[in-house]
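Novice: Model the following, please.
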Amino acid sequence: MKELLCNFYNRKEDETNPDGYIKFVDANPYFGFNFPYCLYIPYNVDGEVDLILCGLTPGVSTSLNEGIEDAKKQAFDRQIPPIFRKLCSEYGNAMVIPLIPRFPGLYTSYYAKNVRDNDFSLVKKNREKGRVNITDEELVKFKNIDTQIVNMVEDAKRLIYEAGYEYDDKIVTVGYSASAKLANLFAALHPGLVKMVIAGGTSGLGILPMDEYEGIKLTYPIGTSDVPTFDLEEFKKIKQFYFVGENDINDPAMANSELLVDYYDENGHPVYVRDAEGNKIPVKDDNGNIKYILNKDGLMTPYFEIGYTPEQVTFIHSVLSSDISERFQKQKEIYDEVGVDATMKVYPGTHSTVFKNEELDKDILEFYNGKTLVKKLD
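Specialist: So this is what the prediction gives:
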């Protein structure tokens, strides 16, 4: 197998990655993708290959070329969690990693609503402020990102076949934090192409497979009322595993609130109280409720401009919960009610330390191998 791979790549063994080869595939607009992707094939491929799709969360870039180069540097070794790499190196599976840049106002790795809607107004505003140097012609390349990723996957299947291997036509999507959202959302947008999702750090914000909840219309990325390609029956066929740290407070749906001030500096600027992870701490009322800042319509206002609308943020905090662990529990309950095959577990740790759990690694491997995990989320 190793000799076959070396012949395919027409070079000697890859010394920088002794378990297999990393191939950077150039953008190919003819095949339907405007950005390169990384294809990893381990030496121990034997029999049918599972193709694993894993997104990146590259740094915020100021130009297209800088963004692509940064994504290449992040690929596979530097940013892919070891347990996801292990799914390849130990089980003989291939991994495809889209190398799509991220800009101020264009959070591609999260596949936020404005990205899906091909709405470039925010990145254009940042261009006017001098924060990003990108032309309208270059922005066109970012249209229909999820379709481009589908085409990257199909191109990777072609390369795997040319290397002499068979592959399962349905893929596995994996990710953590922002790329976990991509793993979950890609499965909802293209349920017929996915057989398994393994994702962590989603903040309890997995897409709800329904058009409305308790009479409230749910739009992407909260729900599916505006996702014409969504197929609930296909989505229910996907095996899904989600995990979160019990002390994870990383919340992309954070709403603006009054914040605890430690002191004011010599210029009169507030210095805020922060938690152990560096997050600002909100002010709470006598009943322990966060004091949110509302807009003129009485809705909560999103802290991040690229994630959710005021209506969506208000729904998340008032219906699902402001507490991530409770929100995670609520998502599990909704998935169970609808009949989605999802395992959801909470582990010790924060957003940045949850991967230190050996039990998490064990559970992911057992889930992938088809074993039923005993300790599901209660």
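Novice: which residues does Thr224 contact?
Specialist: The contact partners of Thr224, by Cβ atoms under 8 Å, 6 or more residues apart in numbering, come to 188, 207-211, 218, 230. Using the backbone N, CA and C atoms, a C-beta is placed for each residue, glycine as well.
Novice: quick one: Met95 is in a helix?
Specialist: No. Checked against DSSP: H, G, I helix; E, B strand; the rest coil, Met95 lies outside a helix; its state is strand.
Novice: okay, now it: neighbour count?
Specialist: Met95 has 27 neighbours, counted by other Cβ atoms under 10 Å.
Novice: so it sits right up against Ile52, yeah?
Specialist: Yes. Between Met95 and Ile52 there is a contact under Cβ atoms under 8 Å: 4.5 Å.
Novice: Overlap in contacts, these two.
Specialist: By Cβ under 8 Å, 6+ apart, Met95 and Ile52 have these common neighbours: 84, 87-88.
Novice: From the contacts of Thr224, keep the buried residues only.
Specialist: Neighbour counting with 16 or more other Cβ atoms under 10 Å marks 188, 207-210, 218, 230 as buried within the contacts of Thr224.
Novice: tell me which of the shared contacts of Met95 and Ile52 is nearest to Ile316?
Specialist: Proximity of those to Ile316 (Cβ to Cβ) peaks at Phe84, which lies at 27.1 Å.
Novice: What strand or helix carries the closest one?
Specialist: helix 82-89 (DSSP states H and E).
Novice: Enumerate the positions of that helix that are buried.
Specialist: Buried residues in helix 82-89, counted by 16+ other Cβ under 10 Å: 83-89.
Novice: Can you tell me how far Lys72 is from Tyr264?
Specialist: Distance of Lys72 to Tyr264, computed by Cβ to Cβ, to the nearest Å: 44 Å.
Novice: and the two? which has more neighbours close in?
Specialist: It is Lys72, of Lys72 and Tyr264, that has more neighbours when counted by other Cβ under 10 Å, with 18 against 10.
Novice: my guess is the more buried one contacts Ile100, does it?
Specialist: No. Shown here, Lys72 and Ile100 do not form a contact pair, counting by Cβ under 8 Å, at 11.3 Å.
Novice: ok, which stretches of this protein are helices?
Specialist: For the chain, the helices defined by DSSP state H occupy 2-9, 64-74, 82-89, 113-116, 121-128, 136-139, 145-162, 178-189, 232-236, 310-315, 324-338, 358-368.
Novice: Ok, which of these comes nearest Lys280?
Specialist: When the helices of the chain are compared for distance to Lys280 using Cβ to Cβ, the nearest one is helix 324-338, at 15.9 Å.
Novice: Next, the buried residues of the closest one.
Specialist: The neighbour-count check on helix 324-338 (16+ other Cβ under 10 Å) flags 324-325, 327-332, 334-335 as buried.
Novice: Of the residues you listed, which is the nearest to Ile171?
Specialist: Ile171 lies nearest to Tyr335 out of these, by Cβ to Cβ, at 20.5 Å.
Novice: Now that closest one: closest residue in space that isn't a chain neighbour?
Specialist: Leaving out its chain neighbours, the residue that sits closest to Tyr335 by Cβ to Cβ, 6 or more residues apart in numbering is Ala342, at 4.5 Å.
Novice: what residues are up against the one you found?
Specialist: Residues near Ala342 by Cβ under 8 Å, 6+ apart: 240-242, 332, 335-336.
Novice: do Gln240 as well
Specialist: Contacts of Gln240 by Cβ under 8 Å, 6+ apart are 184, 187, 196-199, 335, 340-343.
Novice: 10 Å instead, please
Specialist: 173, 183-184, 187, 194, 196-199, 206, 335, 340-344, 367 (Cβ atoms under 10 Å, 6 or more residues apart in numbering).
Novice: could you flag which of those are buried?
Specialist: Among those, the ones that count as buried by 16+ other Cβ under 10 Å are 173, 183-184, 187, 194, 196-199, 206, 335, 340, 342-344, 367.
Novice: you'd agree Phe241 is up against Tyr368?
Specialist: Yes. Phe241 is within contact range of Tyr368, at 8.3 Å (criterion: Cβ atoms under 10 Å).
Novice: Identify the contacts common to the two.
Specialist: Common neighbours of Phe241 and Tyr368 (Cβ under 10 Å, 6+ apart) are 174, 196, 198.
Novice: which residues does the last one bridge with?
Specialist: Assessed by DSSP bridges, Ile198 has beta-bridge partners Val174, Phe241.
Novice: any idea how far it lies from Leu259?
Specialist: 35 Å.
Novice: that older thread, so which of the helices of the chain comes closest to His269?
Specialist: Here helix 121-128 is closest among the helices of the chain (Cβ to Cβ), at 23.2 Å.
Novice: Flag every buried residue along the closest one.
Specialist: Residues of helix 121-128 classed as buried: 122-124, 126-127 (neighbour count, 16+ other Cβ under 10 Å).
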